[in-house]
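S.K.: below: sequence and its predicted model.
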Amino acid sequence: MELEGNTKYNEYEEKIRNHQTNGHNYELDKLHQKKESDDQFLIAQNPLIMRNLLIIIDTTKSSKVSDFKPSRLAVALQFLPAFIEQFLEGNPLSQIGIAVAEEYKCKTILDFTSSCVNIKQYLSTIHSINEAGFSMAACLQTALHVFSSTQLHAQSSILFVTTSTYSDDKLDLNEWSEKCQSAAIQINMISFAGAIHQLIKITQATDGQYLCPINEFQFSQEIQKFISPQETKNHKMITQLVKIGFPQKFIVSQPTLCQCHLEIVYNFYKCPVCYSKVCSPPLLCPICSTWIVLPHQILRSDGYNTLGVFVIINDGLDHQCQGCLESTSVIHSTCERCKNFFCLDCDILIHSKFKVCPGCA
């Protein structure tokens, strides 16, 4: 995606080099960070503000391999909690489900939820105990069943965390991959075992990504690419009216059963339509199919965001940053709506985290 005014970045690079002190490229590095931040910000301006992500974790015999320390599965479970936090923070109207691939089949251990606490709790129970192989076709079969009960207007995507060098399928893999493609389910993969041609073709056919980290740090960086919505060419946007309800929260001393996951809870929300008890909005009420959300989740979603990309300028003057209130130097940016100035650090933070201009607010 090409940024408007992108040539200005190159125009100021030489000026920044002339202001370097102690041999450091601080300003130049910040300029490159802003370019990456703006690219991700524009990609995130996606009408598909509701997302359902199913994470399928490979726990077969290859997950015990120790080329990643202490093991491939341990590295995945180490960095997934932070990814899930950032995903739910950046996609407030989205949900995550967890499944594990084991013994040539796939088992769902957690239905779609937006409760970060529940997801982390289930992740802590995952471990490799079997010596069987990995079946991609079985995983796609399970995923199609899981997504069959989700909303048609939400983006459906799968994130495979695989440790196997091949897929041992009793089912027809091409048949199930074509079904996923027809259902507009995007397939993404992070493979600890390198590139597998057949699986790469499946991800490309569904507009997904296939990534192969070479060490633990790179895995932690690569997985961040799935936080923002991915561009999809084949997805057909389904427009329909959605009945939304704003629930009331209750805290009780006696245990009660939530209708969404059938678990014992003490804190719950009550559906304003059918008064059923649910644990963590946003979610679809299992009784009356009302989309239960909290007001701040709608306000924080990218679909209602009016923030634009800040324009970089270099007028030779010192300005006070509207964010940190410090004096800007060498190069700064400005909001085209409120005309306030920001340093590059605050610019990057606003577009990656807050999604609201302090000057406009």
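M.R.: Nice, I can see it.

S.K.: so Ile298 touches Leu93, yeah?
M.R.: Yes: in this structure, Ile298 is within contact of Leu93 by CB atoms under 8 Å, at 7.1 Å. The C-beta positions use only the backbone N, C-alpha and C, and glycine is treated the same way.

S.K.: show me which of these two is the more surrounded one.
M.R.: Leu93 (22 against 16; other CB atoms under 10 Å).

S.K.: tell me the pLDDT of that one.
M.R.: Looking at Leu93, its pLDDT reads 85.

S.K.: which stretches of the chain aren't confidently modelled?
M.R.: 1-27, 43-49, 129-130, 231-239, 300-306 (pLDDT under 70).

S.K.: spatially central, which residue of it would that be?
M.R.: Centroid-nearest residue in the chain: Ile227, 2.4 Å away (criterion: CA atoms, centre = their mean).

S.K.: so that residue makes contact with Phe87?
M.R.: Yes: using CB under 8 Å, Ile227 is in contact with Phe87, at 5.2 Å.

S.K.: in stretch 113-124, what's buried?
M.R.: Judged by neighbour count using 16 or more other CB atoms under 10 Å, the buried positions of stretch 113-124 are 113-116, 118-119, 123.

S.K.: now find how far off-centre it is within its chain.
M.R.: 15 Å (CA atoms, centre = their mean, to the nearest Å).

S.K.: okay, that stretch in PDB with CA atoms only?
M.R.: Extracted as PDB, the C-alpha positions of stretch 113-124 are listed here (Å, rounded to 0.1, in the frame of the first residue of the first chain):
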ATOM      1  CA  THR A 113     -14.400 -15.600  23.300                       C
ATOM      2  CA  SER A 114     -13.100 -12.100  24.000                       C
ATOM      3  CA  SER A 115     -12.000 -13.000  27.600                       C
ATOM      4  CA  CYS A 116      -8.200 -12.700  27.600                       C
ATOM      5  CA  VAL A 117      -8.100 -14.400  31.100                       C
ATOM      6  CA  ASN A 118     -10.000 -17.500  29.800                       C
ATOM      7  CA  ILE A 119      -7.800 -17.800  26.700                       C
ATOM      8  CA  LYS A 120      -4.600 -17.700  28.800                       C
ATOM      9  CA  GLN A 121      -6.000 -20.200  31.200                       C
ATOM     10  CA  TYR A 122      -6.700 -22.700  28.400                       C
ATOM     11  CA  LEU A 123      -3.300 -22.100  26.800                       C
ATOM     12  CA  SER A 124      -1.600 -23.100  30.100                       C
END
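
S.K.: give me the contact list for that stretch.
M.R.: Residues from elsewhere that reach stretch 113-124, judged by CB atoms under 8 Å, 6 or more residues apart in numbering: 77, 80-81, 84-85, 88, 94-98, 109-110, 260-261, 279-283.

S.K.: quick one: which of the buried residues of stretch 113-124 sit in strands?
M.R.: Counting by DSSP state E, the part of the buried residues of stretch 113-124 found in strands is Thr113.

S.K.: what's the most distant pair in the buried residues of stretch 113-124?
M.R.: The span of those, defined through CB to CB, is set by Ser114 and Leu123 at 15.1 Å.

S.K.: mind listing the strands for the stretch 151-300 of the chain?
M.R.: Under the criterion DSSP state E, counting those that start in this stretch, the stretch 151-300 of the chain contains strands at 155-162, 185-191, 210-211, 244-245, 248-257, 264-270, 277-278, 283-284, 291-292.
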